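> any chance you could fold what I've pasted below:
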Amino acid sequence: MSGDSVRAPARMPTDIRRQVTRTDTVLTDPRLVEALRRLGPGVVKPLVKSAQQRAREGEIDAAAVADAAVAALPRTAGGLTPVINATGVLLHTNLGRASLSAAAREAVADACGPTDVELDLRTGTRDRRGRSVLKALRERVPLAGAAHIVNNGAAALVLAATALAAGREIIVSRGEMVEIGDGFRLPELLASTGARLREVGTTNRTTPDDYAEAVGADTGFLLKVHPSNFRITGFTRSVPVSDLSRLGVPVVADIGSGLLAADPLLPEEPDAGSWLAAGAALVTASGDKLLGGPQCGLVLGQEDLVRRMARHPLARALRVDKMTLAALEASVRGPETPTHAALHADPAALCVRAESMAAGLREEGIDARAVRSEATVGGGGAPGVALPSAAVSLPERYAAELRTGSQPVMGRIEGGRCLLDLRAVPGDQDPDVARAIRTVAARGDATCT
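This next block holds a predicted model:
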C-alpha cells in the first residue's frame, strides 16, 4: 500500500424532506387535536400539509410545522371571514348588508337545534311555521292584515307575480323597470313567472292616465317599484300609490329597503306602513337592509292576497329556515339593530372617536389623522343621501394590508389616502381597528393593490 492516506467517502447532504414530521405525528400536537375536534379533519389536515410543503421548500424550519398549521387555523369551520366595515357604506352588499344585533345572534344560536318552529308544545300537534315572527311583523305594521316571509326581496316579487298574475298582465311604469344588481333585471325576473309585463309611460314621465288606459280584464295587478338604487331628476313625473289604488285593481308596491315605518332622517324613503295607508294591497321589502335583520323578503298586506301567495306551491321552494325566522323576529321585536344605530349615529361622537384613535396612533409614530367624512346608506337604499361622518385617514398603502390582515378591516381610498370611516363600525370595535393599523405599521412594508 502507498503511504497516501485513504479518504473517507463524501457525506451526501441530508434530504430536508426526511426532516419533515409525518402528518399523523404532527396531528398529535394537543393544539391540533383540539382543532380536529372543533373544526374537523377537512379543515385541519390541509393546513398541516401546506405547512409541511413550506418546510420542504425551506420557507420554514421543519420543527415549526405544527406551529405554522396552528397559526393558520380559522376561527370556525365555515368559509366566511368576519370583516370590520369601515367603508362608510352602512349596508355594503359585498359585505353581507345588515349586521345582526346581539339579540338576533342569540336567537340564531337557540334555533340551531330542535325547536318548536312548526309544533305547538301544549298540544303536541303541528302548528303554523313562523307564527310568532308573523305576529311581530303585524304588530309593527298594524295596517297589514297578514304577513309572509320568503328568502329575499326578489323572491317576494316572483311569488306575487306567480300567485296573482301568472298568464295575466302586470302593469308597470317604464321608469321603474329597474336592474336590482348583479345583472338581474326586473322585467326578466317577472317574465320568468309566466306573467306578461305591460309597460306604460316613458322613462322619465308616467301619468295616472297611462295606467288607467292599460287596465283591463286581463290585469293581474299594478306594480309600483321604488327606485331605491338610483334617482331620476329634472323633467319627471311618477304616480303615487294613492292614485294607483283608485283604479280598481290590486297595487303591489315594492319599497325595497325594508323600512316598516317612516324615518325622519330619510324623508324620501318609503315605508310599509305609509304605502299600505296609501292604498297598496301588498307591500314587498327586504329584511337585510334598513330593517337591519337577516336576508329575507317580506310580504305585508291584504289577508286574502297574502294567503294566496302563502298557499301557492312555489312558496314552499322560497321559504326561509328556522334560523332566519329567529333572527328576523329578534330584529323586529328586540333592541336597536346595528343598522339603526349606525344610521342615527351622532356625527360629533364619531369625530371624538376618530380623534382619539388617530391621536393614539400618532403617539406611536403612525401617520394617522382624524378627518370629516361622508357615509351612505348603501344596499340599494336612500340614493343620494349623505350621512355626515368621521374617519381615520392613513397613507394609501395601508388599504390592502388592512383588508388582508388576520382581522380584515375594509376602508376606502379617497384623495390618495386610506379612509376608515367609523359610522358603520360599532364603538367597541375601535380597539380592533387600532390594533390592525398597528400591525400593518409594524410590518412597515404595506402595499396597495
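> residue 374: what's it in contact with?
88, 386, 387, 388, 389 (C-beta atoms under 8 Å, 6 or more residues apart in numbering). Heads up, the C-betas are built off the backbone N, CA and C, glycines and all.
> chain center to the helix or strand harbouring residue 197, what's the gap?
Element membership for residue 197, per DSSP states H and E: strand 196-200. In this view, strand 196-200 has its centroid 32 Å away from the chain centroid, taken as C-alpha atoms, centre = their mean, to the nearest Å.
> packing partners of the next helix-or-strand element following it?
Following strand 196-200 in sequence order, the next helix or strand is helix 208-214 (DSSP H and E). The contact analysis (3 or more C-beta pairs under 8 Å, 6 or more residues apart in numbering; DSSP states H and E) places helix 208-214 against strand 169-173, strand 196-200, helix 241-244.
> mind checking how far the residue most central in space within the chain is from residue 85?
With distances taken as C-alpha atoms, centre = their mean, residue 96 lies nearest the centre of the chain, 2.0 Å away. Distance of residue 96 to residue 85, computed by C-beta to C-beta, to the nearest Å: 9 Å.
> cool, and residue 369?
From residue 369 across to residue 85, the span is 21 Å (C-beta to C-beta).
> looking at the two, which one has more neighbours?
Neighbours per residue (other C-beta atoms under 10 Å) separate residue 369 from residue 85, with residue 85 holding more: 27 against 16.
> now do the more buried one against residue 318, distance only.
Distance from residue 85 to residue 318, by C-beta to C-beta: 28 Å.
> give the contact list for residue 268.
382, 385.
> so it lies in a helix, does it not?
No - counting by DSSP: H, G, I helix; E, B strand; the rest coil, residue 268 is not found in a helix; it is coil.
> now residue 252: phi and psi?
Torsion angles at residue 252 (phi, psi; degrees, to the nearest 10) stand at phi -100, psi 120.
> identify the bridge partners of it.
residue 223, residue 282 (DSSP bridges).
> that one: what's it in contact with?
Contacts for residue 252 (C-beta under 8 Å, 6+ apart) come out as 157, 160, 164, 221, 222, 223, 224, 280, 281, 282, 283, 284.
> how far away is it from residue 285?
Taking C-beta to C-beta, one finds residue 252 at 12 Å from residue 285.
> residue 172 now?
Counting by C-beta to C-beta - residue 172 and residue 285 are separated by 17 Å.
> out of those two, which sits in the busier spot?
residue 285 (29 against 26).
> got the contact list for the strand or helix carrying the more buried one?
For residue 285, the element it lies in under DSSP H and E is strand 282-286. Contacts to strand 282-286, defined as C-beta under 8 Å, 6+ apart, come from residues 144, 152-153, 156-157, 160, 250-260, 272, 275-276, 291, 295-302, 305-306, 379-380.
> now with 6 Å?
153, 156-157, 252-255, 258, 272, 275-276, 298-301, 305 (C-beta atoms under 6 Å, 6 or more residues apart in numbering).
> of those, which belong to strands?
252, 253, 254, 255, 298, 299, 300, 301 (DSSP state E).
> ok, the second one - contacts?
Each residue near residue 253 by C-beta under 6 Å, 6+ apart is listed here: 224, 241, 275, 280, 283.
> in space, what's closest to the first one - neighbours in sequence excluded?
I take that to be residue 224. residue 253 (4.3 Å; C-beta to C-beta, 6 or more residues apart in numbering).
> and the gap between the one you found and residue 300?
Using C-beta to C-beta, residue 253 is found at 10 Å from residue 300.
> with residue 424 instead?
Counting by C-beta to C-beta, the gap from residue 424 to residue 300 is 27 Å.
> likewise for residue 62?
For residue 62, the distance to residue 300 - C-beta to C-beta - is 63 Å.
> between the two, which one's more packed in?
Neighbour count, other C-beta under 10 Å: between residue 62 and residue 300, residue 300 has more, with 29 against 16.
> where in this protein is pLDDT low?
1-18, 180-183, 228-235, 445-449 (pLDDT under 70).
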